[in-house]
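>>> sharing a model that was predicted from the sequence below.
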Amino acid sequence: MPDHSSQSGFTLVEVIAALGVFSISAIGLIHLSSETTIGARQVDLRALAEIEASNRMADAMTLPPPVLTGVIAGDATQRGRTFDWNRTISPTQEDGLYLIDVTVSAPESGQVLAHVQALRAGQ
């Protein structure tokens, strides 16, 4: 007959301690996962805003002469996301040279997501 006087296994305190350690590490991993998801969403949003800013700059660079100075604003959609944009064309100190400034922002917060500038010759 086997001797049951020296039983092996874990005590209740050891099991509870192991579950506590596991719970703390699981909470940390869940937090890390959510932060990574938020970061990826921000990168995606900024990339789409950069595309929109580049599109608006290309439009401004290909406008037929004469170059009209002033501010134009609007909104645009890239892959289902809406952005507000603002394009300013202003003369520089050099005759016939214009500064084009394009800003793209989030409509909800007004946070600037992309900003590009370029110079253009005009009449």
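That came in fine, so what should we check first? Residues are numbered from 1 along each chain as shown.

>>> which residues of this structure fall in helices?
12-61 (DSSP state H).

>>> can you give me the pLDDT of Ile100?
For Ile100, the pLDDT comes out at 96.

>>> next: Ala114.
At Ala114, pLDDT is 96.

>>> over to Asp59?
93.

>>> nearest residue to it in space, please, no chain neighbours.
Once flanking residues are discounted, Asp59 sits nearest to Arg87: 8.0 Å by CB to CB, 6 or more residues apart in numbering. Yep, even glycine has a C-beta here, placed from its N, CA and C like the rest.

>>> can you tell me which residues contact that neighbour?
Arg56, Asp59, Ala60, Val71, Ile72, Ala73, Ile100, Asp101, Val102, Thr103 (CB atoms under 8 Å, 6 or more residues apart in numbering).

>>> can I get those residues in TSV including neighbour count and distance to Val43?
Supplementary listing: the contacts of Arg87 in TSV, determined by neighbours: other CB atoms under 10 Å; distance: CB to CB, whole Å:
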residue	neighbour count	distance to Val43
Arg56	23	21
Asp59	13	25
Ala60	20	26
Val71	10	29
Ile72	14	28
Ala73	10	25
Ile100	21	26
Asp101	16	24
Val102	24	20
Thr103	19	19
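
>>> Arg79: which of those is nearest?
Arg56 (16.2 Å; CB to CB).

>>> quick one: the closest one and Asp84 touch, right?
No - checked against CB atoms under 8 Å, the pair Arg56 and Asp84 is beyond contact range at 11.2 Å.

>>> which residues pair with the residue nearest to Asp59 across the strands?
Ile72, Val102 (DSSP bridges).

>>> how about the CA coordinates for stretch 83-96, as CSV?
Backbone C-alpha positions of stretch 83-96 (Å, rounded to 0.1, in the frame of the first residue of the first chain) are rendered in CSV as follows:
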residue,chain,number,x,y,z
PHE,A,83,-10.0,66.0,-42.6
ASP,A,84,-10.2,69.8,-42.6
TRP,A,85,-7.6,71.5,-44.8
ASN,A,86,-6.4,75.1,-45.1
ARG,A,87,-4.3,76.5,-48.0
THR,A,88,-2.7,79.9,-47.9
ILE,A,89,-0.9,81.5,-50.9
SER,A,90,1.1,84.6,-50.1
PRO,A,91,3.7,86.7,-51.9
THR,A,92,7.3,86.6,-50.7
GLN,A,93,9.8,89.5,-50.7
GLU,A,94,11.0,88.3,-54.1
ASP,A,95,8.9,89.5,-57.1
GLY,A,96,7.0,86.6,-58.7
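
>>> alright, calling it a day.
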